[in-house]
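Enquirer: I would like the atomic coordinates for the input below:
(one chain, ligands or ions: 4)
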Amino acid sequence: MTTPKVMRIMALSINTAARAGSIIREVMQRGNLGIVEKEGKDDLQTEADRSAQQCIIASLSRKFPNITIIGEEGDSNLNVKAEWLVSEENEEFLTHSCPEELLEIKEEEFVIWVDPLDGTSEYTKGLLEHVTVLIGIAIKDRAVGGIIYQPYYKQSNGDIGRTVWGLKGLGTGGFEPKSPPKGQMIITTTRSHLTPLVQQALDALSPTKVIKVGGAGYKVLQLLEGKAHAYVFASPGCKRWDTCAPEAVLEAYGGTLTDLAGIHYSYAADVDYKNRMGVLATIPEISHSEIARQVPNDIIATLRA
Ligand SMILES: O=P(O)(O)O[C@H]1[C@H](O)[C@@H](O)[C@H](OP(=O)(O)O)[C@@H](O)[C@H]1O
Ligand SMILES: [Mg+2]
Ligand SMILES: [Mg+2]
Ligand SMILES: [Mg+2]
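Expert: Residues are numbered from 1 along each chain as shown. Ligands and ions are numbered 1, 2, ... in the order given. Modelled structure (predicted):
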C-alpha cells in the first residue's frame, strides 16, 4: 500500500522546516545577518530568509518535482549544498492515517506556500520567540496542511525548536492545546504596523486585553495555546505565505481564519498573493461569524477600496 501523497508531503515538510530552522539559528550564531531591504525599510530580508527558503524549496521540489511551490523570497538557486537537502520523511507523522478525502490527491493539485522565516523584523531585533518557519499545503485553492516550526522554542528537556503541525480531517500535533480564560476577549495583533484602521477594528471588538506580537505564525500560536481568543489585523500587510500554514493548522484544530469580512482566502497558485482584506482568526470556542459581524462596515469598505 503506497503512502498517500499528502502524507508524504507533510512528513517531508516537517523535517525540512526543522532543517530550515537550524539554518536560521546558524546564521544568527555567525552574527552576519546580511540584511537587505526589499520594498523598503519595513520589508527586510536576511541571509537566514534566503538560505532557509533555498533549503525548503530545493528539498521539496527534488522529491516532488510536479508540485507548485511559491516562496516569499522569490526564485531561489536550488543548487544547494548537500547538508541542506532533506530527503527523510518524518516517521512519527507517517504513523497517522490519511483522511479519506485526501487519499487520492495528485501531485499536480498541490500548491505549497513557503514563508521561510516569518517575523524577519523581529529576528533582526532579537525578538527570536516570534520567529517561525511556515510551510502551507493547499489543495486547489484551500489551505489543508500546515507546519509552524519555532526555531527558538525551548523544550522542557533542554532541546531547542518545536514543530506544530495540522492537517484538516486528521487534526494537529506538537503542542498542548489550551483554552483562554472565559469571560474575556483577548486579541492578538500587530507589534509593528498599528494604523488607525487596525485600532478601530480592535476597539469595535471591545478587547479585555491586546497582545502585540510579530509574525502571523506566532499570532496563531497565541490562539492555539490559550493566550488569545482572536487575531485581528485590519490591514493588507500579510500575504498568502503568512497565512496558509497558520490557517490550515488553526482550522485542523477547529478554529477559523479568514479575511476581515469572514471570507476564506484562495490559495490557488495564480492568485494575487496580498491578503488585501486583512486577517481575522478565532479559536473554536467562539463564533467566528459573530466576531466578523462586529467589524464595522466602513472598515471593510476601506479595505475593499
Ligand atoms: O515573513 P515576514 O516578512 O516577516 O512576514 C511579516 C508579515 O508580512 C507582516 O504582515 C507581519 O506584520 P505584523 O506583525 O504587523 O502582522 C509580520 O509580523 C510578519 O509576519
Ligand atoms: Mg518578509
Ligand atoms: Mg511572513
Ligand atoms: Mg518571511
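Enquirer: what is the top helix by length along the chain packed up against?
Expert: Longest helix in the chain, counting residues (DSSP state H): helix 5-30. Helices and strands touching helix 5-30, by 3 or more C-beta pairs under 8 Å, 6 or more residues apart in numbering; DSSP states H and E, are helix 47-63, strand 110-118, strand 132-139, strand 142-154, strand 160-167. No exception for glycine: its C-beta is placed from N, CA and C like everyone else's.
Enquirer: direction included, what does whatever helix or strand comes next after it pair up with?
Expert: Next in sequence after helix 5-30, counting helices and strands by DSSP states H and E, comes strand 36-37. Sheet pairing of strand 36-37 (DSSP bridges) gives strand 44-45 (antiparallel).
Enquirer: quick one, which of the helices and strands packed on helix 5-30 is nearest to ligand 1?
Expert: strand 110-118 (4.2 Å; C-beta to the nearest ligand atom).
Enquirer: for that closest one, the averaged confidence score.
Expert: For strand 110-118, the mean per-residue pLDDT is 98.
Enquirer: now it - C-alpha only, CSV.
Expert: Extracted as CSV, the C-alpha positions of strand 110-118 are listed here (Å, rounded to 0.1, in the frame of the first residue of the first chain):
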residue,chain,number,x,y,z
PHE,A,110,-0.9,20.8,-4.6
VAL,A,111,0.3,24.4,-4.1
ILE,A,112,2.8,24.9,-1.3
TRP,A,113,3.2,28.4,0.2
VAL,A,114,6.5,28.9,1.9
ASP,A,115,7.4,31.6,4.4
PRO,A,116,11.0,30.5,5.2
LEU,A,117,11.3,33.0,8.1
ASP,A,118,8.1,34.7,9.4
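Enquirer: send me the next helix or strand after that strand as PDB with only the CA atoms.
Expert: Once the chain leaves strand 110-118, the next helix or strand it forms, by DSSP H and E, is helix 120-124. The C-alpha trace of helix 120-124 is given here as PDB (Å, rounded to 0.1, in the frame of the first residue of the first chain):
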ATOM      1  CA  THR A 120      12.100  38.900   9.900                       C
ATOM      2  CA  SER A 121      11.800  42.300  11.600                       C
ATOM      3  CA  GLU A 122      11.600  40.600  15.000                       C
ATOM      4  CA  TYR A 123      14.600  38.300  14.000                       C
ATOM      5  CA  THR A 124      16.700  41.400  13.300                       C
END
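Enquirer: how about helix 120-124 and ligand 3, touching?
Expert: No - Helix 120-124 lies out of reach of ligand 3 by C-beta under 5 Å from the ion, never closer than 7.2 Å.
Enquirer: can that helix be said to contact ligand 1?
Expert: Yes - against ligand 1, helix 120-124 shows contacts by C-beta under 6 Å from any ligand atom at 120-121.
Enquirer: which residues touch Glu109?
Expert: 139-140 (C-beta atoms under 8 Å, 6 or more residues apart in numbering).
Enquirer: can we see that at 6 Å?
Expert: Ile139 (C-beta atoms under 6 Å, 6 or more residues apart in numbering).
Enquirer: and ligand 4, which of the helices and strands packed on helix 5-30 is closest to it?
Expert: Closest to ligand 4 of the helices and strands packed on helix 5-30 is strand 110-118 (C-beta to the ion; 4.3 Å).
Enquirer: re earlier: want to throw the helices and strands packed on helix 5-30 into TSV with distance to Arg304 and mean neighbour count?
Expert: Listed next are these as TSV, based on distance: least, C-beta to C-beta, whole Å; neighbours: other C-beta atoms under 10 Å:
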stretch	distance to Arg304	mean neighbour count
helix 47-63	31	23
strand 110-118	23	28
strand 132-139	24	29
strand 142-154	22	25
strand 160-167	30	22
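Enquirer: now tabulate those in TSV and tack on distance to Gln184.
Expert: Below are these laid out as TSV (distance: least, C-beta to C-beta, whole Å):
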stretch	distance to Gln184
helix 47-63	36
strand 110-118	27
strand 132-139	25
strand 142-154	24
strand 160-167	24
